[in-house]
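Enquirer: Predicted model, plus sequence, below.
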There are 2 protein chains.
Amino acid sequence: MYKKKTPTQIFCGLHLFKELLNGKWKLMLIYYVYKEYRRPSQLQKIIPNSDRRVLDKQLNELVLHGFMRKQVFNTKVPKVEYELTDLGKSLIPVILNLEKWGEEHRPDLEIVLKADPKFIDIV
Amino acid sequence: MYKKKTPTQIFCGLHLFKELLNGKWKLMLIYYVYKEYRRPSQLQKIIPNSDRRVLDKQLNELVLHGFMRKQVFNTKVPKVEYELTDLGKSLIPVILNLEKWGEEHRPDLEIVLKADPKFIDIV
DNA sequence: AAATATCCGCATAAAATTATCCGGTATTGC
DNA sequence: GCAATACCGGATAATTTTATGCGGATATTT
């Protein structure tokens, strides 16, 4: 398993957030589980251009870190569902706030992104 | 200059936020500039264990992306000051919200971090 | 029988970010 | 003169994250 080589600093709340929730799809996964897309296959469909293995990894971490619970149903066709823990639910207002900020400033931000040659193509 | 090789997706506000503000110290830099630590040397002092060149790079990006302005004073000893743009200021409530979430959940989050062998040592 | 749907996991490659190693100018204070 | 402060920047190394290439199982639908 991969281990970090650089000491992790958590002297402020921003770091705590960042260390645990920085994954490419993590906030979106939490949001969609909240919105009742609870099953891996549903999540893979609702999140475009995401790879199964990447989502899985992030879901596993979210479970490991206590933001979600994973329920496995041993039905004939295996079924899996995720649900938010209280800690996970506590993030919903934060996520909505971030989302709101992004959408409110989308016009400006899109200009900025398109002006930066680093972002070659934007979808 | 480095260019991304993977198309950047911005179909939701969360992505917009993430693409532009994911840098290790970016939110903290915005916060401290807001708190009147405007000069590079001040920022380098107030942010422990940060490297000058990394902070510089992030500051340059924040300017490039319109969150800050950089003012250069051609005094005998060169002086530089950063200040937030309106776009930068619009992030303050978001940052405070993230910080608040982190601090409110610090006890839980520290346990989680310490339980994860990935984070070998935490400062 | 074949296609589709449900799920899982390891090992490695590639990409992206962060850290470090060099280098530099000019002024102030002792 | 010499140390300290203020500032800047390119090139490369190291770390961390994300993507992909292989593999597997069982059950339902067409």
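Expert: Done, it's in.
Enquirer: from here on, contacts and neighbour counts on C-alpha atoms
Expert: OK.
Enquirer: list the buried ones in stretch A:64-79?
Expert: A:64-70 (16 or more other C-alpha atoms under 10 Å in any protein chain shown).
Enquirer: Farthest-apart pair in those, please.
Expert: Pairwise distances across these (C-alpha to C-alpha) peak at 12.0 Å, for the pair A:H65 and A:K70.
Enquirer: For the residue positioned nearest the centre of chain A, which non-adjacent residue is spatially closest?
Expert: By C-alpha atoms, centre = their mean, chain A has its centre lying nearest to A:K26, at 1.2 Å. With C-alpha to C-alpha, 6 or more residues apart in numbering or on different chains as the criterion, A:K26 has its nearest non-adjacent residue at 6.3 Å, and that residue is A:Q58.
Enquirer: The one you found should be in a strand, yeah?
Expert: No - using DSSP: H, G, I helix; E, B strand; the rest coil, the assignment for A:Q58 is helix, not a strand.
Enquirer: Is the residue lying farthest from the centre of chain A in a helix, a strand, or coil?
Expert: Largest separation from the mean C-alpha position in chain A: A:K76, at 29.7 Å (C-alpha atoms, centre = their mean). What three-state DSSP gives for A:K76 is coil.
Enquirer: Also A:H15?
Expert: Per three-state DSSP, A:H15 ends up helix.
Enquirer: Give the burial count for the closest residue in space to it that isn't next to it in sequence, as a bare number.
Expert: Once flanking residues are discounted, A:H15 sits nearest to A:Q9: 6.9 Å by C-alpha to C-alpha, 6+ apart. A:Q9 has 14 neighbours, counted by other C-alpha atoms under 10 Å in any protein chain shown.
Enquirer: Touching, A:Q9 and B:V123? I think so.
Expert: Yes - A:Q9 is within contact range of B:V123, at 4.9 Å (criterion: C-alpha atoms under 8 Å).
Enquirer: element containing the residue of chain A found nearest DNA strand C, please.
Expert: Closest to DNA strand C within chain A is A:S41: 3.5 Å, counting by C-alpha to the nearest atom of the strand. A:S41 is part of helix A:40-46, with elements assigned from DSSP states H and E.
Enquirer: For that helix, could you pull out the residues that count as buried?
Expert: A:40, A:43-44.
Enquirer: Which of the three states applies to A:V72?
Expert: strand.
Enquirer: For A:P40, see how far away the residue lying closest to it once chain neighbours are set aside is.
Expert: Distances taken as C-alpha to C-alpha, 6+ apart place A:V80 nearest to A:V72, at 4.6 Å, with adjacent residues excluded. Look at A:V80 and A:P40: by C-alpha to C-alpha, to the nearest Å, they are 7 Å apart.
Enquirer: same deal with A:L21?
Expert: In terms of C-alpha to C-alpha, A:L21 sits 19 Å off from A:P40.
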